[in-house]
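Student: Have a look; sequence and predicted model below, questions after that.
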Amino acid sequence: MPGGEYRWSSYQEYLGAPGLARTETVLDMVQGPEGFIALCSDDGGVVYVPRLGRGMDENARLCVATEVLSAAGLGAPGDVKRLSRARRDAAIRLLGEKGFSIRWIERLTGMGRGTIAHVLLGGREEPDR
């Protein structure tokens, strides 16, 4: 039974119908009602990526990076340096878009900081911290 048909479901509220549920947090996490619909669909096309904070250990970051890259058909983080240049750069950009720092991409992929910075920053120098 689809979520919208279940009598006690808040599915319609996440799509904008008035109700009791506080939907803001979830909708922010999935980029709005369209992301919520995709998340609830059975096709597995949406990968939720938690915020990458200081409290997240290396194993958790590896799991997130693996899930993100696998969903995009780019393999595992350790395989990135063996990809063609175009696919390698796409993987690096994807990890950067998902919040991974240059340092963490370096650790997870085994690639050099200069290469990662060049891809993410378009040849510009790494910003001062």
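Tutor: That came in fine, so what should we check first?
Student: Leaving aside the residues adjacent along the chain, what's closest to Gly19?
Tutor: Glu13 (3.8 Å; CB to CB, 6 or more residues apart in numbering). Every residue, glycine included, has its C-beta placed from N, CA and C.
Student: That neighbour against Glu24, yeah?
Tutor: No: the pair Glu13 and Glu24 does not pass the contact test of CB atoms under 8 Å, sitting 11.0 Å apart.
Student: Any regions of the protein where pLDDT drops low?
Tutor: 1-6, 42-51, 53, 123-129 (pLDDT under 70).
Student: What helices and strands are in contact with the helix or strand harbouring Val119?
Tutor: Here Val119 sits within helix 113-121, counting by DSSP states H and E. Applying 3 or more CB pairs under 8 Å, 6 or more residues apart in numbering; DSSP states H and E, we find helix 113-121 packed against helix 85-97, helix 102-109.
Student: what helices or strands is the last one leaning on?
Tutor: The one in question is helix 102-109. Counting by 3+ CB pairs under 8 Å, 6+ apart, helix 102-109 packs on helix 58-71, helix 85-97, helix 113-121.
Student: can you redo these as a markdown table with distance to Gly78 and mean neighbour count?
Tutor: Shown next, in a markdown table, are the helices and strands packed on helix 102-109 (distance: least, CB to CB, whole Å; neighbours: other CB atoms under 10 Å):
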| stretch | distance to Gly78 | mean neighbour count |
| --- | --- | --- |
| helix 58-71 | 9 | 16 |
| helix 85-97 | 11 | 18 |
| helix 113-121 | 15 | 17 |
